[in-house]
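Student: Test case, fold it:
(one chain, ligands or ions: 1)
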Amino acid sequence: MPTDTDHTHFGYQSIPSDLKTERVASVFRSVAHRYDVMNDLMSFGLHRLWKRLAVAQCEVRPKDWILDLAGGTGDLSSHFAKQIGTEGKVVLADINEAMLQKGRTRLLNQGITQSIVFIQANAESIPFQNNSFDRIAIAFGLRNVTHKEQALQEMARVLKPGGKLLILEFSELRSETLSALYNTYSFSVLPKLGKWICQDADSYRYLAESIRMHPNQEALKTMMQAAGFERVEYQNLHAGIVAIHTGYKF
Ligand code: SAM
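Tutor: The predicted structure is shown next:
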């Protein structure tokens with residue numbers, strides 16, 4: 001969250017807000033080529049389970065129009081594309097060309113072509129008309145967005161009345177027993193893994209720091225309500241390492 005009107009957090013650093021998007025972009029440009037293998041390694045494969053649970057909670061129906069925002073290499077889109085039938089559409093939107101390129105290739109290799117479109121877009125300014133989507137999902141993306149309130153307002157704008165928003169994101173660990181282990185893992189092991197696999201320790205240090213700076217479960221719930229979402233709820237997974245927030249537009 002911004003520390004004042006001109007500055008925001010980039011991990012533990014306070015930087016001018018207008019520099020954050022480019023700093024985040026350089027993180028994902030740097031890790032795009034090994035992003036998927038790193039996700040498997042650093043989460044011990046758990047990200048696949050978290051994403052499957054998130055997709056199930058989206059309650060997608062045939063013919064739905066779905067926005068996979070900050071969709072990256074397309075894990076969620078791949079599930080959605082199999083659920084929408086021939087008349088639905090998945091829009092995978094991401095700000096980063098390198099991540100989009102990876103996603104496009106992966107989904108093409110899975111034979112997913114007709115039902116999906118890829119667009120380069122900033123979550124703070126979604127290039128669609130009001131009331132365009134039945135479902136919006138953003139997985140591990142909101143944490144990286146500079147103006148989160150603005151992005152949430154944009155999601156509310158492009159969601160159809162009756163539509164559902166789902167946010168899957170790292171959150172606040174709710175276990176004192178696990179906290180020392182989790183901190184050691186985040187700040188000592190992750191950067192080493194990043195250096196080994198991606199030749200980039202800094203991006204994974206940013207990951208650990210950005211998780212600590214992200215609004216916790218209750219704060220994000222309040223932000224969603226302030227953006228106009230109703231029936232906002234969250235579910236902690238693995239003691240709050242990640243949380244799934246859902247809300248509706250009425
Ligand atoms: N959703 C994918 C997943 O769960 O594997 C990718 C998550 S990855 C950790 C975060 C993604 O957010 C990156 O692909 C990055 O380019 C994208 N991103 C960061 N800031 C963004 C913004 N302002 N608007 C849209 N996408 C953004």
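Student: Select the helix or strand of this protein having the lowest average pLDDT value.
Tutor: Least confident helix or strand of the chain, by mean pLDDT, DSSP states H and E, is helix 17-31 with a mean of 90.
Student: Would you mind listing the buried residues in the helix or strand following that one?
Tutor: As assigned by DSSP states H and E, the chain's next helix or strand after helix 17-31 is helix 35-42. Using 16 or more other CB atoms under 10 Å as the test for burial, helix 35-42 gives 35-36, 38-39, 42. The C-beta positions use only the backbone N, C-alpha and C, and glycine is treated the same way.
Student: what's the answer for stretch 82-101, then?
Tutor: Buried-residue list, stretch 82-101, by 16+ other CB under 10 Å: 83-84, 88-96, 98-100.
Student: Quickly name whichever of those is closest to E59.
Tutor: E59 has its nearest neighbour among the buried residues of stretch 82-101 in Q83, at 9.6 Å by CB to CB.
Student: Get me the contact residues on this structure for the ligand.
Tutor: Within reach of the ligand by CB under 6 Å from any ligand atom, the chain has these residues: 24, 28, 70-73, 75, 94-96, 99, 122-124, 139-141, 144-145.
Student: Among those, which ones are in helices?
Tutor: 24, 28, 75, 99 (DSSP state H).
Student: can I assume the first one is in contact with G141?
Tutor: No: counting by CB atoms under 8 Å, V24 sits too far from G141 to count as a contact (10.1 Å).
Student: Buried members of the residues of the chain next to the ligand into PyMOL, please.
Tutor: Remark: buried members of the residues of the chain next to the ligand, expressed as a PyMOL selection using 16+ other CB under 10 Å:
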select buried, resi 24+28+70+71+72+73+75+94+95+96+99+122+123+124+139+140+141+144+145
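Student: In strands, which of the residues of the chain next to the ligand appear?
Tutor: Residues of the residues of the chain next to the ligand located in strands (DSSP state E): 94, 139.
Student: quick one on the thing from earlier: does anything pack onto the least confident helix or strand of the chain? Which helices or strands?
Tutor: strand 7-10, helix 97-109, helix 190-198, helix 201-213 (3 or more CB pairs under 8 Å, 6 or more residues apart in numbering; DSSP states H and E).
Student: Which strands or helices does the next helix or strand after the last one pack on?
Tutor: The first helix or strand that comes after helix 201-213 along the chain, using DSSP H and E, is helix 217-226. Contact analysis of helix 217-226 by 3+ CB pairs under 8 Å, 6+ apart lists helix 148-158, strand 159-170, strand 230-237, strand 242-248 as its packing neighbours.
Student: In this protein, which residue sits closest to the ligand?
Tutor: G72 (2.6 Å; CB to the nearest ligand atom).
Student: wait, that residue sits on N144?
Tutor: No: at 10.2 Å, G72 and N144 do not qualify as touching, with contact defined as CB under 8 Å.
Student: hang on, the earlier thing: now for the helices and strands packed on helix 17-31, which one comes closest to L49?
Tutor: Nearest of those to L49, taken as CB to CB: helix 201-213 at 18.2 Å.
Student: Would you mind measuring from V24 to G88?
Tutor: As judged by CB to CB, to the nearest Å, V24 and G88 stand 30 Å apart.
Student: shaky segments in the protein?
Tutor: Residue ranges of the chain with pLDDT under 70: 1-5.
Student: From Q217, how far out is the residue lying farthest from the centre of it?
Tutor: Here the centre of the chain is the reference, and by CA atoms, centre = their mean the most remote residue is T177, at 27.1 Å. Remark: distance between T177 and Q217 (CB to CB) = 19 Å.
Student: Ok, A226 next?
Tutor: 15 Å.
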